[in-house]
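Participant: predicted coordinates and the sequence they were generated for:
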Amino acid sequence: MRVLLVEDDRLIGSGVEDGLAEVGMAVDWAYDGRQAQLAMATTPYDLVILDLGLPHISGTELLDWIRKRGDHTPVLVMTARDAVADRVSGLGAGADDYVGKPFDLTELIARCRALVRRSQGRGTDTIEYGGLIVDPQRLTVMRGSERIGLTSRECALLVELLGSQGRPLSRARLQDSLYGWNEEIESNAIEVHVSNLRKKLGSALIRTIRGIGYVIEAPT
Amino acid sequence: MGSIRQRLTLIVLSGVAAVWLYSLYSSYRQAAHEVGEWDKARVEQVARALLVLDLDDLPVFAKASVPPRDDDGDNDQPMPLLYEIMATDGRVLAASPGVPAFALPGRAAGGQSAERARWYVYTTGDPARGRIVRIFEQCSHRSAVSAVSAKRVARPLLFALPVLAVLIWIAIGRSLTPLRILSKAIEERSSDSLETIEIKNIPDEVVPLVSALNMLLRRLRQSLDRERAFTSDAAHELKTPLAAIKVQAQVALTARDPQRQRRAMQRVVDAVDRSAHLADQLLALARLEESTPLPSSWVDLAQTAQACLAEQHANAQRKQMSLVLRSGGQVMVQAPPALVRILFDNLVDNAIKYGRAGGRIEIAACNEAGAFGLEVKDDGPGVDPQDMSRLNDRFFRGADHTEKGSGLGLSIVARIVTQLGGKLEYAAGIEGRGLGVRIRLPASIRPPR
């Protein structure tokens, strides 16, 4: 899951970036509207977290710009001005959800997940596949009553592959959805995560397609 | 002081009472005069009769007192007239009993009146018959008659006064109804309604009062709006560092990587510093808003700049900046020292924050050739021309701010300069780079030569 964070305040931005990275989200952080426009023009995002009080281009203007170009990426607005009137006008302008500053990090993460889930047409956060129940929030996979623990990246990779069942995903694409702009990536990071997942869940789950990437087959 | 109604009623009633008293007095005087004239005629008539009466009848007549004519129906006691008839040689021919003994000069001809010991005495004589007649009447009788007639004039008005008072009271009350309606309307307003009062249906006399009140309400609303905007901005600004503290603390709590944890804790500390700085700035601004002026004294601008630079030295060193003070000796101004210090602190603090690392900051305090003031220049990235006009706005921060500014520094500076009656200008900094803040102070705070 790749998230664009648009926040001009360094202290809040770095906190959100670290907090989301901790649960396995890839975060790109834009400091202002122009950077955000550039990022959105070049990278597909699952979610945008938007602060309204931005220099140059205000958050509202940016939101307008996103919706005008026909982009339906869910937008979570984050602002200190959270009076009811502000919320209503924000939602009216195309925001999907709202958190007021100071917010709770766990609530922010839960809202992010809910927004992405809704945009993917899923009702619940857990994903069922071939006798496995994947819970991205707790970073666990249940096989019957057996609980298998995953790291945040492993879980993010699994969810990504499960999200496009039957369609192979390239290693670059997987890297994009797991790592943000300024995270250092080992060249074989994806391979390491895939091999760990195979060890924990069985080697048959994820199939390698040589020269292309990885795929989880759609259930027959 | 009582109500307008009470005062008006009192004033109108005392006016009526004064007129009433005057008319009472003048009618008494009139009545007394009339009574006097009438009595005089009566006494003369009796005297003339006594002069011509037969000598034998005189004692009989003298014994009978003549009751005053009293047909006005009231019950005043008849007052007798007393007589004394004498021959021209002083021999008493006849006298009423109880005639007072006066030594009065006898007169043979013509009438003469005199008052003696509460008696009114009329003396007349007939030299042909050799007779002098004196008629005595008690003075009190006359005044009693005058009093009675005056009382008759006074009585209806005396009864009318309370009725008049009630009528005046009601009339004034009714004319004050618009005022009562107005005060009721104001009373029933909700405490947060600062709408102006409608001037329609208000008596002309009250219009200036209501207009003045409306002006006050408008000013009050403006200042309240400003206050609300400030409070809302301040709350918003305080929420930002709080949000940072909360999110960083939660990262520190949940992070499994110890390095990430440490970093988050360091950022919590930074955010707390920033909140504290913001609170300080808000307090400074609040103090500047207070109406009581701070005490002024002679302040040396160069010396204050020096003290400020010494304090900011550590901050400047952290960014490897050089601080330069240019001044030609003492520059004395008459101003509150605290304000001058806050002014310098904010300017230098700003220059360090937004100047470039390894850059240079120049501070000048000058007092030459009519130019009197101070200047702080840096060679940093400067301010976008489009943002120049917004520098004095509260909570405004330039586009690219990585620093922990509150956006209040320059608005505090602007406010102090206004309080000192000076002028604030923004220009390019050192060698056309960065930002230069130039402050000109008025001649009035210059020292005498």
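Facilitator: Arrived safely, thanks for sending. Just so you know, these numbers come straight off a predicted model, no measurement behind them. Numbers count the residues shown, from 1 in each chain, chains lettered A, B, ... in the order given.
Participant: what's near enough to touch B:Val52?
Facilitator: Counting by Cβ atoms under 8 Å, 6 or more residues apart in numbering or on different chains, B:Val52 touches B:126, B:129. C-beta here means a position set from N, CA and C on the backbone, and glycine is covered the same way.
Participant: how about A:Glu154?
Facilitator: Contacts of A:Glu154 by Cβ under 8 Å, 6+ apart are A:193, A:196-197, A:200.
Participant: from chain B, how far out is it?
Facilitator: Between A:Glu154 and chain B the computed distance is 14 Å (Cβ to the nearest Cβ, to the nearest Å).
Participant: and the gap between that residue and B:Asn214?
Facilitator: 71 Å (Cβ to Cβ, to the nearest Å).
Participant: for A:Asp86, which non-adjacent residue is closest in space?
Facilitator: Excluding the flanking residues, the one nearest A:Asp86 by Cβ to Cβ, 6 or more residues apart in numbering or on different chains is A:Thr79, at 6.9 Å.
Participant: what's the residue nearest the centre of chain B sitting at in phi/psi?
Facilitator: Nearest residue to the geometric centre of chain B (Cα atoms, centre = their mean): B:Leu209, 12.3 Å. Torsion angles at B:Leu209 (phi, psi; degrees, to the nearest 10) stand at phi -60, psi -50.
Participant: so B:Gln330 makes contact with B:Thr304?
Facilitator: No - counting by Cβ atoms under 8 Å, no contact exists between B:Gln330 and B:Thr304, whose distance comes to 11.3 Å.
Participant: what does the stretch 201-350 of chain B have sitting close to chain A?
Facilitator: B:235-237, B:239-248, B:250-251, B:254-256, B:260, B:263-264, B:267, B:270-271, B:274 (Cβ under 8 Å from any Cβ of the partner chain).
Participant: buried subset of those residues, written for ChimeraX?
Facilitator: In ChimeraX, a selection of the buried entries from these looks like this (16 or more other Cβ atoms under 10 Å in any protein chain shown):
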select /B:236,237,239,240,241,242,243,244,245,246,247,248,250,251,254,255,260,263,264,267,270,271,274
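Participant: helices along chain A, start to end?
Facilitator: Ranges of helices in chain A, per DSSP state H, are A:10-22, A:33-42, A:59-68, A:84-92, A:105-119, A:152-163, A:171-178, A:189-201.
Participant: hmm, back to that, partners of the residue nearest to A:Asp86 in the sheet?
Facilitator: A:Gly100 (DSSP bridges).
Participant: what about it, neighbour count?
Facilitator: 24 (other Cβ atoms under 10 Å in any protein chain shown).
Participant: touching, it and A:Gly59? I think so.
Facilitator: Yes - under the criterion of Cβ under 8 Å, A:Thr79 makes contact with A:Gly59 at 7.2 Å.
Participant: find residues that contact each of the two.
Facilitator: Common neighbours of A:Thr79 and A:Gly59 (Cβ under 8 Å, 6+ apart) are A:51-53.
Participant: grab the nearest non-local neighbour of B:Asp345.
Facilitator: Using Cβ to Cβ, 6+ apart, the nearest residue to B:Asp345 is B:Cys308, at 5.7 Å.
Participant: by contact count, what packs against the worst-scoring helix or strand of chain A on mean pLDDT?
Facilitator: The weakest-scoring helix or strand in chain A, judged by mean pLDDT, DSSP states H and E, is helix A:84-92 (a mean of 80). On a contact count with 3 or more Cβ pairs under 8 Å, 6 or more residues apart in numbering or on different chains; DSSP states H and E, helix A:84-92 meets strand A:75-79, strand A:97-100.
Participant: B:Thr88 and B:Ala128, how far apart?
Facilitator: 11 Å.
Participant: give me the more crowded residue out of these two.
Facilitator: For the pair B:Thr88 and B:Ala128, the greater number of neighbours falls to B:Thr88 (15 against 9), based on other Cβ under 10 Å.
Participant: pLDDT on the host helix or strand of B:Tyr28, on average?
Facilitator: When elements are assigned from DSSP states H and E, B:Tyr28 belongs to helix B:4-52. The average pLDDT for helix B:4-52 rounds to 83.
Participant: how about the contacts of A:Glu154 in a markdown table, adding distance to B:Gly380 and neighbour count?
Facilitator: Formatted as a markdown table, the contacts of A:Glu154 follow (distance: Cβ to Cβ, whole Å; neighbours: other Cβ atoms under 10 Å in any protein chain shown):
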| residue | distance to B:Gly380 | neighbour count |
| --- | --- | --- |
| A:His193 | 45 | 22 |
| A:Asn196 | 49 | 15 |
| A:Leu197 | 51 | 25 |
| A:Lys200 | 54 | 16 |
